[in-house]
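The amino acid sequence is not available; the structure is as follows:
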């Protein structure tokens, strides 16, 4: 059954609010973005934003989910790519939301919506990287551990060294990645 006119209007308005929120959150960060500023940018009344998103955390989670859906489409195109390409693609995606990473970690402890979105991102990234490590010759358990180690390193750099030169950061992460793959190829035993 096709959507009714009010449903279409609601979807369009929700999309406009998400567009405005994404622009402001990425530019100004979570703490410096108000619901009133989002309403102004979306050209709706202040209280209208709350009709679509009960809280700023719900809006942040919706923005991140939408970005993740787009990123997963790009990642799906890399299904046969090397683990290096997968990591660099993930880094590029995280670079785009670097302004929000600290807020996501802080808000996840207060908001189920943000925590769920963050967990879903880690699960998807873990599967994507783990598959790349598997293609590089690591066993299933080592692939999961290597993916978790690279994700922790990537997030740590984004949280604590946001001003690190991306080329230097990429070299560091790829160096680590190559050591993980080489250790597995050399038959280094995995700890239990």
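Everything's here; your move. Everything numeric here is computed off the predicted structure, so don't read it as measured data. Numbers count the residues shown, from 1 in each chain.

quick one: least confident helix or strand in the protein?
helix 83-96 (a mean of 84; mean pLDDT, DSSP states H and E).

and it, which residues are buried?
Neighbour counts using 16 or more other Cβ atoms under 10 Å place 83, 84, 86, 87, 88, 89, 90, 91, 93, 94 of helix 83-96 among the buried residues. Every residue, glycine included, has its C-beta placed from N, CA and C.

mind putting these in JSON lines, distance to residue 143 included?
Formatted as JSON lines, the buried residues of helix 83-96 follow (distance: Cβ to Cβ, whole Å):
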{"residue": "83", "distance to residue 143": "9"}
{"residue": "84", "distance to residue 143": "15"}
{"residue": "86", "distance to residue 143": "12"}
{"residue": "87", "distance to residue 143": "13"}
{"residue": "88", "distance to residue 143": "18"}
{"residue": "89", "distance to residue 143": "17"}
{"residue": "90", "distance to residue 143": "15"}
{"residue": "91", "distance to residue 143": "19"}
{"residue": "93", "distance to residue 143": "20"}
{"residue": "94", "distance to residue 143": "20"}
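
Show me how the chain divides into domains.
1-53, 57-185 (automatic domain parsing).

what's the most buried one of these?
Among the domains of the chain, domain 57-185 has the highest mean neighbour count (mean count of other Cβ atoms under 10 Å), at a mean of 17.

What is the least confident helix or strand of the chain packed up against?
For helix 83-96, the elements it packs on are helix 56-76, helix 112-135, helix 140-160, helix 166-185, judged by 3 or more Cβ pairs under 8 Å, 6 or more residues apart in numbering; DSSP states H and E.

Name the residues that touch the second one?
Right, helix 112-135. 55, 57-58, 60-62, 64-65, 68, 72, 75, 78-83, 85-87, 90, 104-105, 107-109, 140, 142-144, 146-148, 150-151, 180-181 (Cβ atoms under 8 Å, 6 or more residues apart in numbering).

same question, the shortest one
Around helix 166-185, the neighbours that count as contacts under Cβ under 8 Å, 6+ apart are 83-84, 87-88, 91, 95, 133, 136-139, 142, 146, 149-150, 153-154, 157, 161.
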